[in-house]
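Undergrad: my questions are about this predicted structure, shown below with the sequence.
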Amino acid sequence: MFAPDFKSEPYWWDRTPRPEMAVGDLPPSIDVAVVGSGYTGLNSAVVTARGGRSTLVLDAYDAGFGCSTRNGGQISTSVKPSLVELTKRYGSQTAFDILKEGQTALSWIGDFIRNEEMDCDFMVPGRFHAAHSSRAFAKLVRQVKSQPRGLEVPYHIVERSDQQAEIGTDSYHGGIVFEKHASLDPARYHKALLNLAVAAEAQVAAHSRVISIEESGQGFVLRTSRGEVRARDVVIATNGYTSGLTPWLRRRVIPIGSYVIATEPVEQGLMDRLMPTNRIVSDSRRVVYYYRPSPDRRRIVFGGRVSSTETNT
């Protein structure tokens, strides 16, 4: 099953080695402390540092050690529930706003990458969302043909008879191409974000685990594995790695584990048959599979959920 040169480190780390961060003393005080050095943390640091606020990013491991440099590099609107489902729970306006935010985020990241001239293999090949059954295909078609007003996105329907033009298999029952969905190299994107943060004079402290955060006067005291830091404001950017450090947030974040693997190099003719359009791919199963060609089209990067017992909730 495994190639002779198999290794357990993420494929993306081969293309973008982990950053070497200088180790120095932590500042005794700072305007903004950001806990977590993934996409959320570094984007926060770029904004605050460019806004003139002294900023310190703290991480228990290397910068970007977690999901930000390990994911599949697929970009969509990222909101699975339908407008009807969201409306039942939150009301019509909030439901609309949630779905619109996903669309706005998709547009924003492309503009951000282009404006900042970030080298991260960003592409907009579209996404083929494959139906795992004929019933699932019918449901997908109904959904895209009845898109809510103000939330319309460009798409086209792919019948099963035409499926080989999208993906070299007959295992699916057709699907939908979402034409604006995108892809990038997640580790290169993270490196570009890190460069932006450092250029804006944010400090990034790797191997600086935050042990506790306590309110103190006009701000907070963060006790870390390398000493204490006082901060006027704190951004918690730990996402799926949220721990008992912030109990309120931990109760509201459910980590969803996923494995991502990369194949050995694939012969170009085979790649052209398997993934002729260079699109990213997902399917309609409840536990989703997702895959794509690597940016150089030499490998297939494949992802899927871990078992429920492998995720620490």
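TA: In hand now; what should we look at? Numbering: from 1, shown residues only.
Undergrad: separation between Pro186 and Trp12?
TA: Per Cβ to Cβ, to the nearest Å, Pro186 is found 6 Å from Trp12. For glycine as for every other residue, the C-beta is placed from the backbone atoms N, C-alpha and C.
Undergrad: overlap in contacts of those two?
TA: Common neighbours of Pro186 and Trp12, using Cβ atoms under 8 Å, 6 or more residues apart in numbering, are Thr69, Arg70, Gly73.
Undergrad: pLDDT score assigned to the nearest residue to the second one once chain neighbours are set aside?
TA: Once its chain neighbours are removed from consideration, Arg70 has its nearest residue in Pro10; the separation is 4.7 Å (Cβ to Cβ, 6 or more residues apart in numbering). Looking at Pro10, its pLDDT is 93.
Undergrad: ditto for Ala22
TA: Taking Ala22 on its own, its pLDDT is 71.
Undergrad: which residue ranges make up each domain of the protein?
TA: For the chain, whose domains are defined here by automatic domain parsing, the residue ranges read 11-15+26-70+188-250, 74-184+255-310.
Undergrad: buried set for the host helix or strand of Ala136?
TA: Secondary structure assigned from DSSP states H and E places Ala136 in helix 134-145. For helix 134-145, burial by neighbour count (16 or more other Cβ atoms under 10 Å) applies to Ala136, Phe137, Leu140, Val141, Val144.
Undergrad: got it, and stretch 35-51?
TA: Buried, per 16+ other Cβ under 10 Å, within stretch 35-51: 35-49.
Undergrad: which one of the shared contacts of Pro186 and Trp12 is nearest to Leu222?
TA: Nearest to Leu222 among these, counting by Cβ to Cβ, is Thr69 at 24.2 Å.
Undergrad: show me the contacts for the residue lying closest to the closest one once chain neighbours are set aside.
TA: Counting by Cβ to Cβ, 6+ apart, Thr69 lies nearest to Ala187, which is 4.1 Å off, once chain neighbours are set aside. Residues in contact with Ala187 (Cβ under 8 Å, 6+ apart) are Pro10, Trp12, Trp13, Arg15, Thr16, Gly64, Thr69.
Undergrad: how many residues are close by the third one?
TA: By the criterion of other Cβ atoms under 10 Å, Trp13 has 14 neighbours.
Undergrad: distance of it from Pro27?
TA: For Trp13, the distance to Pro27 equals 30 Å [Cβ to Cβ].
Undergrad: need the mean per-residue confidence for stretch 117-133.
TA: 98.
Undergrad: can you give me the buried ones in it?
TA: 118, 120-123, 125-132.
Undergrad: next: stretch 191-208.
TA: Within stretch 191-208, the residues scored as buried using 16+ other Cβ under 10 Å are 191-198, 200, 202-208.
Undergrad: same question for stretch 50-62.
TA: Buried residues in stretch 50-62, counted by 16+ other Cβ under 10 Å: Ser54, Thr55, Leu56, Val57, Leu58, Asp59, Ala60.
Undergrad: could you work out the most separated pair of those residues?
TA: Of all pairs drawn from the buried residues of stretch 50-62, the one with the longest distance (Cβ to Cβ) is Ser54 and Ala60, at 21.6 Å.
Undergrad: which pLDDT value goes with Val234?
TA: You'll see Val234 listed with a pLDDT of 98.
Undergrad: cool, Lys139 as well?
TA: Reported pLDDT for Lys139: 95.
Undergrad: and Ser37, by the same measure?
TA: 97.
Undergrad: dihedrals phi and psi, it?
TA: As for Ser37, its main-chain torsions (degrees, to the nearest 10) stand at phi -120, psi 30.
Undergrad: residues in contact with Ser212?
TA: Contact partners of Ser212, counting by Cβ under 8 Å, 6+ apart, are Leu222, Arg223, Leu245.
Undergrad: of those residues, which is the nearest to Arg286?
TA: Leu245 (31.7 Å).
Undergrad: and stretch 14-22, end to end?
TA: 21 Å (Cα to Cα, to the nearest Å).
Undergrad: list the buried ones in that stretch?
TA: Thr16, Arg18, Pro19, Met21.
Undergrad: so how far is Arg305 from the third one?
TA: In this case it means Pro19. Taking Cβ to Cβ, one finds Pro19 at 29 Å from Arg305.
Undergrad: ditto for the second one
TA: When distance is defined by Cβ to Cβ, Arg18 is 26 Å away from Arg305.
Undergrad: TSV please, covering the buried residues of stretch 50-62 and showing distance to Arg252, pLDDT and secondary structure.
TA: Formatted as TSV, the buried residues of stretch 50-62 follow (distance: Cβ to Cβ, whole Å; pLDDT from 0 to 100; DSSP: H, G, I helix; E, B strand; the rest coil):
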residue	distance to Arg252	pLDDT	secondary structure
Ser54	29	98	coil
Thr55	25	98	strand
Leu56	25	98	strand
Val57	23	98	strand
Leu58	21	97	strand
Asp59	21	96	coil
Ala60	21	94	coil
